[in-house]
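Q: Model the structure of this input:
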Amino acid sequence: MKFYKRPRLRQPRLVAAWPGIGNVALTVANYLVQKLDAQEIGEIEPLDFFLPAAVVVENNVIEPPEPASFEELSELPKSRFYSCRNKNWAQDLLVFIGEAQPLGKEVEFANQVLDVAQRFKVDKIYTCAAGVAPISHTEKPEVWAAATSRELIPELRQHNVVLRDKIHIRGLNGSLLGLAKDRDIPGICLLGEIPAYIAQMGIEYPRSAQSVLEVLTEMLGIDIDLTEIESLARHTEESLTESMAQIMEEIGHLVIRPRGEEEPGEEVSGEEKGQVPEAVKREIEQLFDEVKKDRASASKLKAELDRWDIFDQYEDRFLDLFRGEGQRGN
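A: Residues are numbered from 1 along each chain as shown. As a prediction, the model looks like this:
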């Protein structure tokens with residue numbers, strides 16, 4: 001642990017973030033740091049938790065994995081603390097941003113963050129995550145909320161959040177609060193909804209981060225300009241709409257002839273139309289599995305369903321391959 005400054009903070013609250021689905025947590029934390037002009041005050045030194053990408057070999061002997069240069073050290077993930085002071089707030093703010101989660105050392109790493117929280121007498125910790133849900137990117141994401149104690153539930157109800165009976169919050173964005181609970185530090189996790197198909201794409205989703213920021217800043221009692229993230233979210237949605245329209249257009253083009261009209265060499269007997277052979281059903285299931293791995297196989301699956309005049313029986317499953325489904329937090 002290394003500190004450059006030790007500011008005197010008034011009952012600070014901590015916002016902690018690591019990478020996750022849709023980059024929701026990091027987008028929220030970085031936006032706060034930028035808009036509040038937060039000052040970097042310290043860091044968790046990376047060599048305690050991250051290894052260089054390569055080792056040095058001297059005289060055919062592998063040396064311990066330590067950076068051979070400042071350049072190699074600078075490439076390791078950063079884990080930084082920032083502080084924000086403002087006389088108009090009732091409480092000051094600490095922000096922690098980790099560029100990566102250390103594999104195999106998550107608990108030790110999280111405990112170092114909590115050591116800092118206790119050193120500055122933090123009275124509440126906030127983390128953020130993505131809540132994967134069966135929604136469209138044209139809908140405004142809701143924010144789910146969870147707390148470390150029942151005593152915090154009335155506070156959550158004062159804000160525009162959804163309280164769910166059971167969810168799973170993966171990674172340090174969730175487990176940090178479990179460790180904080182052991183230290184009797186209250187904590188809240190805010191999860192911005194993200195469409196399942198966006199989560200599968202592995203891209204950033206700023207609209208979810210915006211929804212979280214709206215709730216989080218209200219909880220913290222601070223006011224920041226959300227114009228930039230609104231603009232970024234709108235641009236992302238427009239790009240997604242264009243991409244989805246192209247996908248649906250490609251699906252539509254797969255219907256190359258009216259139902260029931262087969263091309264030469266593809267005739268299907270009346271008996272086969274009424275009853276699809278088991279071998280064909282098995283082949284269709286295999287094609288569904290292929291499309292889950294590679295969307296480029298969708299045309300082959302669609303053509304086979306049309307050939308047997310059974311697309312209407314599989315239509316919902318086919319479209320679900322592009323819509324996605326399920327609910328989870330990360």
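
Q: all helices for the stretch 1-150 of the chain, in order.
A: Listed in chain order, the helices of the stretch 1-150 of the chain (DSSP state H, counting those that start in this stretch) span 24-35, 70-74, 106-119.

Q: got the buried residues for the helix ranked longest in the chain?
A: Secondary structure assigned by DSSP state H gives helix 227-253 as the longest helix of the chain. Applying a neighbour-count criterion of 16 or more other Cβ atoms under 10 Å, one finds 229, 232-233, 236-237, 240, 244, 251 buried in helix 227-253. All C-beta atoms are positioned from the backbone trio N, CA, C, and that covers glycine.

Q: can you put the helices of the stretch 1-150 of the chain in JSON lines and add mean pLDDT, mean neighbour count and distance to E278?
A: Output for the helices of the stretch 1-150 of the chain, formatted as JSON lines (pLDDT from 0 to 100; neighbours: other Cβ atoms under 10 Å; distance: least, Cβ to Cβ, whole Å):
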{"stretch": "helix 24-35", "mean pLDDT": "97", "mean neighbour count": "23", "distance to E278": "45"}
{"stretch": "helix 70-74", "mean pLDDT": "58", "mean neighbour count": "11", "distance to E278": "59"}
{"stretch": "helix 106-119", "mean pLDDT": "95", "mean neighbour count": "17", "distance to E278": "48"}
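
Q: Out of those, which is closest to T217?
A: Proximity to T217 (Cβ to Cβ) singles out helix 24-35 among those, at 8.1 Å.

Q: so that closest one versus helix 227-253, what angle?
A: 150 degrees (axes from the mean of the first three to the mean of the last three Cα atoms, to 10 degrees).

Q: who touches helix 24-35?
A: Identification of contacts with helix 24-35 by Cβ atoms under 8 Å, 6 or more residues apart in numbering yields 15-20, 38, 82, 84, 93, 95-97, 127-130, 173, 191-192, 194, 204-206, 208-209, 212-213, 216, 224-225, 228-229.

Q: which of those residues count as buried?
A: Buried subset of these (neighbour count, 16+ other Cβ under 10 Å): 15-20, 38, 82, 84, 93, 95-97, 127-130, 173, 191-192, 194, 204-206, 208-209, 212-213, 216, 224, 229.

Q: residues contacting E108?
A: Contacts of E108 (Cβ under 8 Å, 6+ apart): F49.

Q: any idea how far E237 is from it?
A: 40 Å (Cβ to Cβ, to the nearest Å).

Q: Can you pull the poorly scored residue ranges out of the protein?
A: Flagging of the chain using pLDDT under 70 yields the residue ranges 52-55, 64-74, 247-275, 296, 322-330.

Q: Now do the domain split for it, please.
A: As assigned by automatic domain parsing, the chain contains the domains 2-226, 237-324.

Q: Most tightly packed of these?
A: When you average the neighbours per residue for each of these (mean count of other Cβ atoms under 10 Å), domain 2-226 leads with a mean of 18.

Q: Report the beta-bridge partners for the residue lying closest to P186 once chain neighbours are set aside.
A: Closest residue to P186 apart from its sequence neighbours, by Cβ to Cβ, 6 or more residues apart in numbering: K124 at 4.9 Å. Taking DSSP bridges as the rule, K124 bridges to R13.

Q: Could you do G131 as well?
A: Residues in beta-bridge contact with G131 (DSSP bridges): E193, G329.

Q: how close does the spatially closest residue to E43 that is not a sequence neighbour sit to T241?
A: Nearest residue to E43 in three dimensions, chain neighbours excluded: R80, at 4.8 Å (Cβ to Cβ, 6+ apart). Counting by Cβ to Cβ, the gap from R80 to T241 is 36 Å.

Q: swap in A147?
A: From A147 over to T241 (counting by Cβ to Cβ), the distance is 35 Å.
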